[in-house]
Every structure is written in structure tokens, then in C-alpha cells.
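>>> Pasting the sequence and the predicted coordinates here, then a few questions.
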Amino acid sequence: MLRQGIARLLRTREFGVVVVLLLLVLFISSTERGEAFLGPISLQNLSRQIALLGVFAIGQAVVIIAGGIDLSVGTLIGFTGVLCAWLLARAGWSLGASVAAVLLFSAAVGVVHALLINRFRLLPFIVTLGSLFIFLSAGQLMTNNVPIPVSPQDTPYSEAFQFLGNGKVWGVPVPVYVLLAVLILVSVLMHFTVVGRHIYALGNNEEATRLSGISVLRTQMIAYGLCSLLAGLAGILYASYQRQGIPGSGLSYELKAIAAAVVSGCSLSGGQGTVVGAVIGSALLNVILSGISFVIQQGASNWEGTVVGTILLVTAILNRLQQQWLARRR
């Protein structure tokens, strides 16, 4: 029994990505600046970036498993960061009320996406692409394209707010704890509840799911609502980390989330993958980007788009080859 379990683990995409991740860390650590890469400050910054991406990559993974996609998460992150900063610094709301309002708004966005996709039979790509532009413009209009700082002069809650993205507990960045909590909760939802089984079933075959009596609309509302909720949570954390709400920030983050989800096993056709894999993918993506900055140093940020795009293309090709191989075996 144990041997079979280990054999199944070794065959998973997640295990393969972990091996690649470890080899990559060993390679970077062997370079001239490898010691700095493994230094405490570098590891803290890296773990924070992995956590920030991992939070909304989990949401994107849930939507992809359900057979959809959400292109709005990047600009929603930017808008919710601006909204939270505005509520704190301009409207005078408390931290708890501001966070609750932002999370409620974010979840509602996902529910609206599901309604539009289900009731009007619109493609998820079109619906969420429209939202991408709406939130990008809304953040700029709300602030006249000027960042909203969250400082002690603006709100008595500035220190508590900044702690969410910059604080540490026992030397570990707070966003890491947030990621672990989200990972545990969503993993339980996906693997130990009826809702999770419905999400996987929807991604495998929507028509069969409908004919079996499962509410497709309700399942889509949960998947998209959770995705947008986690994007809103990430928006709060990013704004806290940056100590301000920045209009236009978050653009292209949706591609990072998709790359993180699919590289570790989520199929863009739906029905496959895990949220743990999305976090592993987030770690791989950030280690690659961080490693480039340590090895190349100058102009490293210019490589970010190339890295993310290459990962998406290679993963899509591998997924297609895997599907063709499985089809031939049948």
C-alpha cells in the first residue's frame, strides 16, 4: 500500500516540478552570487513573493479546474489595493471594515462573472477580459492615476495595515502564513467536500455534470467567487507591502497565476490539477525570476515576460502531447 502510494506520488506533475525546483535552487546557489541568494534577507523576500503570487494562483487554479479561466485577477488585484487604501486613507474606515468590504466586493465580482458566463452563454475569456479593462480604468479614474499612500498622517490604522504585507512572525513574513491558511482551507474544499467534487466534475464535462443534477451555475459561482475573493485578498496584501494603493498595478499578474497553475498539472481544458500544484508552480516561477536577477543583475526585469511566456507555451505543448498520448493508449 505504501509502495503504491509512493509510486503514484512519483508519477505526479507536482513531484516533477519539485525536482526541477530543487535542481534550480542548487544551480543558482552554485553560481558566483549563490551565497547571497540563500541569505536570510533574500529568502524572506523570495518567500514573500511566492506567498503573494500563491494566494491568487490558488484561485486561478480552482477556476481552471472548473473548466474556465479568469483574466481579470491582475487588474482586480490593483483595483482592490487602491480601494482598500482609499477606504482607509480617504474615507476614514477602520482596517477591519475596509478589508471586509474589499473581500465582499471581490467575491461579488466573481459571482457576476459566473452569472454572465452561465446565463448568457458567454466565453469566460470574453467576460473576464472585459473586467480586466474595467478594473484597470476604474482604478485610474478613482485616483486620477495617482497612488494613494497609507501613512500615519492619513489613518491611525497605517501600522497595522502595513504589517499585513511587511510584518514578520518568528522571522517568517506574514503573507506566508496567509498563504498556508488559504492553501489548507481550499485544499480541504477541493478534496474533501461535495463542492470540490462538483468543481472537478464540471471541468471534466459540463454537460454530464448538468445531466447528473448538479447545479452548474452554483458551482461556477463558487469557483469564480473564490478566485476573485483571493485576488482581492492578494490586492490587500500587495497594497500593504507597497504601503500604498497604486492604480494600474497588477496588470499581467493574471498570466503569472495561469503559468503557476498549469506548470504543476492544471489542464487548460479543465478537470485536472491541484491547488498545492499552483503553490509549487508559484515557487518555481519566483525562483526562476529571482535567480535571473541574481545571475544577470542588470536588466533582469526585462526577462520576466519572456520567462512567463515561455513557461506558458512549453506547458501548453506538454499538456497537448500528454492528451494525445493518453488518447492513443485508449
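Perfect, I can see it now.
>>> show me where pLDDT drops low in the stretch 51-200 of the chain?
By pLDDT under 70, the stretch 51-200 of the chain has no low-scoring segment.
>>> rerun that using 90 as the cut-off
Across the stretch 51-200 of the chain, residues meeting the criterion (pLDDT under 90) sit at 154.
>>> Can you say which helix or strand has residue 249 in it?
According to DSSP states H and E, residue 249 maps onto no helix or strand at all.
>>> Next one, pLDDT for it please.
Looking at residue 249, its pLDDT reads 88.
>>> ok, now how distant is it from residue 79?
9 Å (CB to CB, to the nearest Å). In this view, the C-beta of every residue, glycine as well, is placed from N, C-alpha and C.
>>> Neighbour count: these two, which is higher?
residue 79 (32 against 22; other CB atoms under 10 Å).
>>> Wait, the more buried one touches residue 238, no?
No: using CB atoms under 8 Å, residue 79 makes no contact with residue 238, being 11.2 Å away.
>>> Return every residue with contacts to both of these two.
Shared contacts of residue 79 and residue 238, defined by CB atoms under 8 Å, 6 or more residues apart in numbering, are found at residue 250.
>>> show me the residues around residue 152 that make contact.
Per CB under 8 Å, 6+ apart, neighbours of residue 152: 158, 159.
>>> what's it sitting at in phi/psi?
With angles defined as degrees, to the nearest 10, residue 152 sits at phi -60, psi -30.
>>> Relative to residue 159, how far out is it?
Taken as CB to CB, the span from residue 152 to residue 159 is 7 Å.
>>> my guess is residue 158 meets residue 148, correct?
No: at 11.8 Å, residue 158 does not count as touching residue 148 under the criterion of CB under 8 Å.
>>> quick one, which of these two is more surrounded?
When neighbours are counted by other CB under 10 Å, residue 158 and residue 148 differ, and residue 148 comes out ahead with 23 against 19.
>>> As a check, name the ranges of all strands in the stretch 1-150 of the chain.
For the stretch 1-150 of the chain, the strands defined by DSSP state E, counting those that start in this stretch cover 148-149.
>>> Could you count how many residues lie near residue 275?
Residue neighbour count, defined by other CB under 10 Å, stands at 28 for residue 275.
>>> just residue 104 next, same as before
11.
>>> can you check residue 44 too?
15.
>>> which residues sit in contact with it?
168, 171, 172, 173.
>>> can you do 6 Å?
Counting by CB atoms under 6 Å, 6 or more residues apart in numbering, residue 44 touches residue 173.
>>> now swap in residue 257 and tell me
Residue 257 neighbours (CB under 6 Å, 6+ apart): 56, 57, 60, 73.
>>> name the element it belongs to?
Using DSSP H and E, residue 257 falls in helix 253-263.
>>> Alpha carbons only: can I get that helix in CSV?
Provided in CSV are the C-alpha atoms of helix 253-263 (Å, rounded to 0.1, in the frame of the first residue of the first chain):
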residue,chain,number,x,y,z
TYR,A,253,-0.3,39.2,-12.9
GLU,A,254,-3.1,37.0,-14.3
LEU,A,255,-0.5,35.5,-16.7
LYS,A,256,1.7,34.6,-13.8
ALA,A,257,-1.2,33.0,-12.0
ILE,A,258,-2.1,30.9,-15.1
ALA,A,259,1.5,29.9,-15.6
ALA,A,260,1.9,28.9,-11.9
ALA,A,261,-1.3,26.8,-12.1
VAL,A,262,-0.7,25.0,-15.4
VAL,A,263,3.0,24.3,-14.9
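>>> could you say what helices and strands the helix or strand that it is followed by packs with?
As assigned by DSSP H and E, the chain's next helix or strand after helix 253-263 is helix 275-296. With contacts defined as 3 or more CB pairs under 6 Å, 6 or more residues apart in numbering; DSSP states H and E, helix 275-296 has these neighbours: helix 13-29, helix 40-65, helix 174-192, helix 253-263.
>>> Highest mean neighbour count out of those helices?
With neighbours defined as mean count of other CB atoms under 10 Å, these peak in mean count at helix 253-263, which reaches a mean of 27.
>>> so how far is that one off the chain centroid?
Helix 253-263 sits 7 Å away from the centroid of its parent chain (CA atoms, centre = their mean, to the nearest Å).
>>> just stretch 242-249 next, same as before
18 Å.
>>> Just want to check the distance between the residue lying closest to residue 204 once chain neighbours are set aside and residue 208.
Excluding the flanking residues, the one nearest residue 204 by CB to CB, 6 or more residues apart in numbering is residue 271, at 3.5 Å. From residue 271 across to residue 208, the span is 11 Å (CB to CB).
>>> quick one, which of those two is more surrounded?
Comparing residue 271 with residue 208 by other CB under 10 Å, the one with more neighbours is residue 271, at 18 against 11.
>>> Contacts only, for that one.
Contacts for residue 271 (CB under 6 Å, 6+ apart) come out as 200, 203, 204.
>>> now do 7 Å
65, 67, 200, 203, 204 (CB atoms under 7 Å, 6 or more residues apart in numbering).
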